[in-house]
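Peer 1: After the sequence you'll find the predicted model.
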Amino acid sequence: MNITPFVINSNPQKLITFASQTAANSDTPRIPQDLTKFIAEGTITQAILNDPNTVLRNAIQHQNIIDTTTFTVSTSPAAPVFGGGVTNISFLEGNAAITTPNAFATKVQATFWIETVSYTIPIPAGQAPVRISPAVAPGQLAPVFVGVPPHPILHPATITVTATQIQYSQLVFLNFAGLTWPHASVATLVPQTEQIIPLSAWPALGH
């Protein structure tokens, strides 16, 4: 996913790169100007600015995804699908009698990945009920799993559980100031509610 603006209707696209797209620059109009802290933490990096979908790939780098359903929605779908189109809100259209439009949305496209993630979680001995989250990379979120083992846990062990997560990547083209500006939104969503450990996850532990 490229977020570099380009001249409206240019073909091939005439890209206009801004200094704020270089993470190491600390004297640009962006807020905040200095990204040193974010670069160190890995939350905003040059790789992410070059391709925001890097955030999604980083999130699943160490995950065990056992099933994925993917679909895309678009205001300009490819054939043989027909239809589509963009309706701009009043704020974007502005007041034509007074001023020019604030912006004009020309395209919206989003891809969703509905993923089943398999987690291996440690179960300490002698603890019931269980409420625990799997270990994940810094900055990543994980669901909370809860359950009551059907028998005493005499020794520390591990069980395998699954949960659904959703990843999405959305790109909106906005025209203003003579340029088409790609606006990217990406996220990885995990369940907020506690996930019940099924009874089928326990038998391997024994009594």
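Peer 2: Yep, it's here.
Peer 1: Which residue, neighbours along the chain excluded, lies closest to the residue nearest in space to the middle of the chain?
Peer 2: For the chain, Ala187 is the residue whose C-alpha lies nearest the centre (C-alpha atoms, centre = their mean; 1.7 Å). Excluding the flanking residues, the one nearest Ala187 by C-beta to C-beta, 6 or more residues apart in numbering is Tyr168, at 6.1 Å. Yep, even glycine has a C-beta here, placed from its N, CA and C like the rest.
Peer 1: How much space separates the one you found from Leu92?
Peer 2: For Tyr168, the distance to Leu92 equals 22 Å [C-beta to C-beta, to the nearest Å].
Peer 1: can you check Pro124 too?
Peer 2: 55 Å.
Peer 1: Would you map the strands across the protein?
Peer 2: Secondary structure of the chain by DSSP state E: the strands cover 6-7, 64-74, 104-123, 130-132, 145-147, 157-176, 179-189, 195-196.
Peer 1: closest one to Gly42 among those strands?
Peer 2: strand 179-189 (14.5 Å; C-beta to C-beta).
Peer 1: quick one: buried residues of that closest one?
Peer 2: Leu179, Thr180, Trp181, Pro182, Ala184, Val186, Thr188 (16 or more other C-beta atoms under 10 Å).
Peer 1: Stretch 152-168 too?
Peer 2: Those would be Ile153, Ile159, Val161, Thr162, Ala163, Gln165, Gln167, Tyr168, for stretch 152-168 by 16+ other C-beta under 10 Å.
Peer 1: do stretch 8-27 as well
Peer 2: For stretch 8-27, using 16+ other C-beta under 10 Å, the buried residues are Ile8, Ala23.
Peer 1: Contacts for that stretch, please.
Peer 2: 3-7, 28-30, 33-36, 39, 44-46, 49, 175, 178-180 (C-beta atoms under 8 Å, 6 or more residues apart in numbering).
Peer 1: same thing with stretch 156-165?
Peer 2: 66, 114-125, 143, 145, 188-191, 195, 197-198, 201-202, 204-205.
Peer 1: Tell me how far Pro138 lies from Pro32.
Peer 2: 20 Å.
Peer 1: ok, now Ile123?
Peer 2: Relative to Pro32, and taking C-beta to C-beta, Ile123 is found at 43 Å.
Peer 1: quick one, which of the two is more surrounded?
Peer 2: More neighbours surround Ile123 than the other of Ile123 and Pro32, with 21 against 10 (other C-beta atoms under 10 Å).
Peer 1: Would you mind measuring from the more buried one to Val161?
Peer 2: Distance from Ile123 to Val161, by C-beta to C-beta: 10 Å.
Peer 1: Show me whatever sits in contact with both of these two.
Peer 2: With C-beta under 8 Å, 6+ apart, Ile123 and Val161 have no common neighbours.
Peer 1: what's next to the helix or strand of the chain with the lowest mean pLDDT, contact-wise?
Peer 2: When the helices and strands of the chain are scored by mean pLDDT, DSSP states H and E, helix 90-93 comes last with a mean of 71. Helix 90-93 is contacted from outside by Pro101, Asn102, Ala103, Phe104, Ala105, Leu174, using C-beta under 8 Å, 6+ apart.
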